[in-house]
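*Asks:* Sequence and predicted structure are below.
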Amino acid sequence: MTTLIDDATLAPKIADYLATQLGHAVTVGAVRRFPVGFSWLTYAVPVTGIDGGKTTQELILRLGPDYGLFAPYSAGPQVLSMQSLEGSAVPVPRAYWSSDDLSILGAPFMFCEKVSGDAVVPWVSANEPGLEEGYRKRLAEQFIDALAALHCVPWQSKPVAAMAHGITADNAALLNVQHWESQIARWAMRPYPQAEWGLRWLKAHCPVAPRVAIVHGDYRTGNFLEQGGRITAILDWELVHLGDPHEDLGWASLPMYMGGSKLICRLAEPEWFYARYAEKAGFEVSMRLVRYYQALSLLKLAATHMAAARCFEEGRFNDMRMPAMGSQIATCLRQMEKTIEAAA
Amino acid sequence: MNNSFARLIDGMNATLRSEVLSRLDDEFARGQVFGVINLLNTFKVRADWSTGFLLEQLAVQRTALDGVAALMQGWPEAATLPALPPPGVPASVPIAELLAQRDSANRAIGELLGWLDAQRAQGSQLPAQVAADIEQLLRTAMRSELAIELKNSPRPLFAEMSSGSED
């Protein structure tokens, strides 16, 4: 059994690695783990001497441990996408060093810039008041605009093109469904006929994408930082891939992220969300495709919960949030069926 | 155990909230406690004492009661024995067998969905109404299984697990 927090030995390993990368010694202070996230571990790492002087800079370290939810991990997709977005209108932390070599820190990892800000939590109690109106609207505009900007990035000439694997507007949906079918086959600990039924429907109704774009894969409240009403960084790129931009719209609009409100991600009125996004992204949003990808997103979410249940059952680690996630498979599959029925 | 299963769960939840969380500062650790509370709530609506454990207790009781009855057979004092509960316990099915049966039935439902799709794709002689009725039966079963699951699921504490606090 691996312990949840085993951070004491990290600092000297980080110092050795950074010294090799920089060509001179650095000092690494006490690493601090953030309580957020269900998959990759995130640490703040104070490093003195990156510039060869005495300045201390705090870096973010993301580690994908072999006992994690979606293990085995690779830092590749996150790094490629973050590098591809440098200089774009999508606020992303700058990616520095990364490796999948387990001998360095014991797990695939990446270092990136630490950006100031706090995450807005998507899951709130029923009694939680909504966000203040002006603040909400400002965040919503940036949330939509960053997504549209992401979907407009000319990825073909960027590092992320290495992830294309023959994707086209015609096969984007089918490749995506097949990917999640293989994940369900890998993670499910028992047969889920409702998931099989959903997979069959999704395969039989694959739409053609308006374009192939960089898809964040987990675009929602909770995965961006804000400071003073300004979104400072879009985070958590571990599910990034190339695909139909409607997928991010379908995911962001799931009822799970509405926090009891009627607002997409507790931020935006749906009609306004789609209209503003369409204007910024430069194509007409198809509500048929949004519903299709809502159904796929619910299946993705059910698959994620299956992974959580397996992760806990196999004793890979004892994070008590895992079985709680695992108990939500039925909720997702029921919602998926309703969504498909409404779309059919 | 002298307390009911449900009362013990309530007691554990109350203790975690009032005695543990109130003294715990670390946000991640607090989130983990809410994870435990979330699971305890699930146990309360879905679990009970192990039948194996109770059957073991019943077996030793039965040995004693049957032994007394056997020893007293033929003695006049047997007429004054207090009334003893009748032997035998209700038939009990091990939970593992029920789970295996549920999975086997779900596997069959999944295979039937595939078979039905193949029949339709091949243009088989199966009347459309029969195919539709079969599909309806399968979908009703799938929907009902999920409904039973949801009826026995407490509200998840994701907000509390993420923030380490509750309002």
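*Replies:* Cool, the structure landed.

*Asks:* Against A:Glu113, how distant is B:Ala105?
*Replies:* Per CB to CB, to the nearest Å, B:Ala105 is found 53 Å from A:Glu113. The C-beta positions use only the backbone N, C-alpha and C, and glycine is treated the same way.

*Asks:* same deal with A:Leu202?
*Replies:* In this structure, A:Leu202 and A:Glu113 are 37 Å apart, going by CB to CB.

*Asks:* Looking at those two, which is more packed in?
*Replies:* More crowded of A:Leu202 and A:Glu113, by other CB atoms under 10 Å in any protein chain shown: A:Leu202, with 23 against 15.

*Asks:* Could you tell me the model confidence score at B:Ile134?
*Replies:* Looking at B:Ile134, its pLDDT reads 94.

*Asks:* same check, this time on the one 10 residues further on
*Replies:* Turning to B:Ser144, the model gives it a pLDDT of 92.

*Asks:* quick one: which helix or strand includes it?
*Replies:* Assigned by DSSP states H and E, B:Ser144 falls within helix B:128-151.

*Asks:* ok, and what's touching the helix or strand that that helix is followed by?
*Replies:* Beyond helix B:128-151 on the C-terminal side, the first helix or strand identified by DSSP H and E is helix B:158-163. Among residues not part of helix B:158-163, those counted as contacts by CB atoms under 8 Å, 6 or more residues apart in numbering or on different chains are A:36, A:121, A:123-125, A:128, A:222, A:320-321, A:324, B:27, B:31-32, B:34-35, B:37-38, B:166.

*Asks:* now A:Leu263, nearest residue through space, not along the chain?
*Replies:* The shortest distance from A:Leu263 to any residue other than its chain neighbours is 6.3 Å, reached at A:Glu269 (CB to CB, 6 or more residues apart in numbering or on different chains).

*Asks:* Is there a neighbour count for the one you found? I'd like the number.
*Replies:* Around A:Glu269 sit 15 other residues, with neighbours defined as other CB under 10 Å.

*Asks:* Next one: it from chain B, what distance?
*Replies:* The gap separating A:Glu269 from chain B is 22 Å, by CB to the nearest CB, to the nearest Å.

*Asks:* any idea where the helices of chain B begin and end?
*Replies:* B:5-15, B:27-46, B:51-72, B:95-121, B:128-151, B:158-163 (DSSP state H).

*Asks:* For those helices, which has the smallest mean pLDDT value?
*Replies:* If you rank the helices of chain B by mean pLDDT, helix B:158-163 sits at the bottom with a mean of 74.

*Asks:* quick one: it to chain centroid distance?
*Replies:* Chain-centre distance of helix B:158-163: 26 Å, with CA atoms, centre = their mean, to the nearest Å.

*Asks:* What of stretch B:127-141?
*Replies:* Going by CA atoms, centre = their mean, the spacing between the C-alpha centre of stretch B:127-141 and its chain's C-alpha centre is 30 Å.

*Asks:* can you name the farthest residue from the center of chain B?
*Replies:* Outermost residue of chain B with respect to the C-alpha centroid, by CA atoms, centre = their mean, is B:Pro76; its distance is 47.6 Å.

*Asks:* So that one versus chain A, what's the distance?
*Replies:* With the distance defined as CB to the nearest CB, B:Pro76 ends up 60 Å from chain A.

*Asks:* With the flanking residues excluded, which residue is spatially nearest to the residue in chain A that chain B sits nearest to?
*Replies:* Proximity to chain B, evaluated over chain A using CB to the nearest CB, is greatest for A:Met320 at 2.8 Å. Excluding its sequence neighbours, the residue lying closest to A:Met320 (CB to CB, 6+ apart) is B:Gly35, at 2.8 Å.

*Asks:* Now do the contacts for the one you found.
*Replies:* Counting by CB under 8 Å, 6+ apart, B:Gly35 makes contact with A:319-321, A:323-324, B:157, B:161.

*Asks:* can the residues you listed go into TSV with extra columns for distance to A:Lys13, neighbour count and secondary structure?
*Replies:* Below are these laid out as TSV (distance: CB to CB, whole Å; neighbours: other CB atoms under 10 Å in any protein chain shown; DSSP: H, G, I helix; E, B strand; the rest coil):
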residue	distance to A:Lys13	neighbour count	secondary structure
A:Asp319	23	22	coil
A:Met320	28	18	coil
A:Arg321	27	21	helix
A:Pro323	31	20	helix
A:Ala324	32	24	helix
B:Leu157	35	22	coil
B:Met161	30	26	helix
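
*Asks:* on contacts alone, who are the packing partners of the worst-scoring helix or strand of chain A on mean pLDDT?
*Replies:* Within chain A, no helix or strand scores below helix A:321-326, which has a mean of 83 by mean pLDDT, DSSP states H and E. For helix A:321-326, the elements it packs on are helix A:287-313, helix B:27-46, helix B:158-163, judged by 3 or more CB pairs under 8 Å, 6 or more residues apart in numbering or on different chains; DSSP states H and E.

*Asks:* okay, those in JSON lines with distance to B:Met12 next?
*Replies:* Output for the helices and strands packed on helix A:321-326, formatted as JSON lines (distance: least, CB to CB, whole Å):
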{"stretch": "helix A:287-313", "distance to B:Met12": "20"}
{"stretch": "helix B:27-46", "distance to B:Met12": "6"}
{"stretch": "helix B:158-163", "distance to B:Met12": "16"}
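
*Asks:* quick revisit: list only buried entries from the contacts of helix B:158-163.
*Replies:* Of all those considered here, the ones buried according to neighbour count by 16 or more other CB atoms under 10 Å in any protein chain shown are A:36, A:121, A:123-125, A:128, A:222, A:320-321, A:324, B:31-32, B:34-35, B:37-38.

*Asks:* So which residues on chain A come close to chain B?
*Replies:* With the criterion set to CB under 8 Å from any CB of the partner chain, chain A comes near chain B through A:5, A:33, A:35-36, A:121, A:123-125, A:127-128, A:190-194, A:196-197, A:200, A:222, A:319-321, A:323-324, A:327-328, A:330-331, A:333-334, A:337.

*Asks:* go again using 6 Å as the cut-off
*Replies:* Taking CB under 6 Å from any CB of the partner chain as the test, the list of chain A residues beside chain B reads A:35, A:121, A:123-125, A:127, A:190-191, A:193-194, A:196-197, A:320-321, A:323-324, A:327, A:330, A:333-334.

*Asks:* Just to be sure, which of those are found in strands?
*Replies:* If you go by DSSP state E, the residues of chain A next to chain B have nothing in strands.

*Asks:* In helices only, show me the residues you listed.
*Replies:* Applying DSSP H to these, the entries found in helices are A:193-194, A:196-197, A:321, A:323-324, A:330, A:333-334.

*Asks:* now for those residues, which pair is the farthest apart?
*Replies:* With distances taken as CB to CB, the most widely separated pair in these is A:Trp197 and A:Arg321, at 28.3 Å.

*Asks:* A:Arg200 - how many residues pack around it?
*Replies:* Counted with other CB under 10 Å, residues neighbouring A:Arg200 total 17.

*Asks:* typo on my end, it should be A:Trp272
*Replies:* For A:Trp272, which is what you asked about, the neighbour count (other CB under 10 Å) is 15.
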